[in-house]
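# sequence plus predicted model, see below.
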Amino acid sequence: MTLAEIAEAAGGTLADGAEPDALVTGQLSFNSKRVSSGGLFCCLPGKHTDGHDFAEQAFEGGVAAVLARRPVGVPAVLVDDVLTAMASIARAVAHRYTGTIIAITGSAGKTSTKDLLRQVLQEDGPTVATPKSYNNEVGFPVTVSQVRTDSRYLVLEMGARGKGHIDALCALAPPKVATVLGVGSAHIGEFGSQEAIADAKAEIVRALPTHGVAVLNGDDPRVTAMRHETDARILTFGTGPDCDVRAHGIRTDAHGRPCFSLRYGPKTVRIQLAVHGRHNVTNALAAAATAFAVGVPFGRIAAALQQATLTSGGRMDVYHHGQLTVIDDTFNASPESMEAALEALQDIAGGRRMIAVLGEMAELGDEAGAWHDRIGRKVAKTGILRLITVGGTHADALGDAARSLSNEVAVARASNAREALSLAEHLVRDGDVILVKGANTLGLKVVAQGLLS
């Protein structure tokens, strides 16, 4: 797009020598140290810094212009609000885009499913997908701005912390295919109930055109009920006998990687995943079903799934340091993902001594105490012998619940990641398998990286 077209889309004006016919060939960016050559740097205000102060640095880094609220001394598109303008630009780009827009939501597994699906779709044609977990009002326009004229698929992760959030994202980039993974307890403190979460997730299905496809988790009743929210075609995935895309005969190998038989229509094939954790079977099924929805051949899907990895980081990343095995699942934590990670730890350990560093979970509202108690009991049932909890009162509750069910669990609490690392370094020994997981705000990746160094 030209700067003139961008200004028109954003409702802005050109300033400081911005040429109307100058082409913007790169994407939107908001980090002056990681700008896109020929792109547009967005001067967003932050908690401690203001993007306007880095406009010149971004321009020197190769952007065509900046998006700003005030003149900054370099070619700019001036707007009333930068974040609103980013959304308007994304809407204009999506309107021009002629490929297939695919949207993914769910309480857990969005990023992992997106990673797997991107690698499957790339075997069928050029694919753009949400980087890392850029699924909110800032990251979403950045992803949309990456599409090119030859991009066959645009895969968009859609997160929500309240009613109307997904509606707003779908209005920017209306999907033709919408995939719903599940309705869990993530952010229940903000939504108030799982019913409210389900209603918010259903916005992605309601946004579909009649010629679209809703890809729904057939094992989750709250998701399957969304079939009544749309006139689009329905395609279900899961382990139940009535699911259109089905997994059966699920096993794990000696390294904790799942294998299963994938069935769709008359065809069945055995799949050995390269990722860890049984819960990734659901994510793989969702990716397969979404690929089937856009017409990717069965054989191509099966072959790509077996090679696909989780590329966004901090999601069941398994590392070996000598005879020590470290599982880095530190990107985030919901009750359901905590339980899945503990089950994966047990599969990966295969009888070796297990240690867990678990941070308290956030945004659970009035149910926080009950959920931390449940996870603590799960720790004891898993057979973990050493537990380090990280955080405050909820971390204490988690540890107390583990101790109440098993006298064999030794529990220590750390107030922060650095303290947790110090405790873990004194606990681990050769042959151990240690899981590190918690809310992203706790920064527990420091623990995993420290143990590996």
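Thanks, I have it. Numbers count the residues shown, from 1 in each chain.

# shaky segments in the protein?
135, 185-192 (pLDDT under 70).

# please name the residues that touch the most centrally placed residue in it.
By Cα atoms, centre = their mean, the chain has its centre lying nearest to residue 111, at 2.5 Å. Contacts for residue 111 (Cβ atoms under 8 Å, 6 or more residues apart in numbering) come out as 130, 132, 133, 135, 157, 312, 315, 331. Every residue, glycine included, has its C-beta placed from N, CA and C.

# which helix or which strand is home to the nearest residue to residue 387 once chain neighbours are set aside?
Spatial nearest neighbour of residue 387, chain neighbours left out: residue 411 (4.8 Å); criterion: Cβ to Cβ, 6 or more residues apart in numbering. Following DSSP states H and E, one finds residue 411 within strand 410-414.

# I'd like to know which elements that strand is packed against.
Under the contact criterion of 3 or more Cβ pairs under 8 Å, 6 or more residues apart in numbering; DSSP states H and E, strand 410-414 touches strand 386-390, helix 393-405, helix 417-427.

# parallel or antiparallel, list what pairs with that strand.
Partners of strand 410-414 in the sheet, by DSSP bridges, are strand 386-390 (parallel).

# what comes into contact with the strand it pairs with?
Everything outside strand 386-390 that qualifies as a contact, by Cβ under 8 Å, 6+ apart, is 353-360, 379, 395-396, 398-399, 402, 409-417, 419-420, 423-424, 427, 438, 442, 444.

# any idea how far residue 280 is from the residue nearest to the centre of the chain?
Distance of residue 111 to residue 280, given as Cβ to Cβ, to the nearest Å: 12 Å.

# check residue 116 too.
Looking at residue 116 against residue 280, where the rule is Cβ to Cβ, the gap reads 8 Å.

# and for these two, which residues touch both?
residue 310.

# what about the two, which has more around it?
residue 116 (29 against 25; other Cβ atoms under 10 Å).

# residues contacting the more buried one?
275, 280, 283, 284, 287, 305, 308, 310.

# sorry, back to before: list only buried entries from the contacts of residue 111.
Neighbour-count burial (16 or more other Cβ atoms under 10 Å) is assigned, among the contacts of residue 111, to 130, 133, 135, 157, 312, 315, 331.

# ok, and for stretch 16-30, which residues are buried?
Across stretch 16-30, burial judged by 16+ other Cβ under 10 Å covers 16, 18, 22, 24, 26, 27, 28, 29, 30.

# could you work out the end-to-end span of that stretch for me?
20 Å (Cα to Cα, to the nearest Å).

# same thing with stretch 304-317?
19 Å.

# what residues does that stretch touch?
111-112, 114-116, 119-120, 122-123, 131-133, 262, 271-277, 280, 284, 287-288, 327-332, 341, 344, 445, 448.

# now intersect these with the strands, please.
Counting by DSSP state E, the contacts of stretch 304-317 place 262, 271, 272, 327, 328, 329 in strands.

# okay if I get those residues as CSV plus distance to residue 145 and neighbour count?
Shown next, in CSV, are those (distance: Cβ to Cβ, whole Å; neighbours: other Cβ atoms under 10 Å):
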residue, distance to residue 145, neighbour count
262, 34, 24
271, 34, 19
272, 36, 12
327, 34, 26
328, 30, 23
329, 30, 28
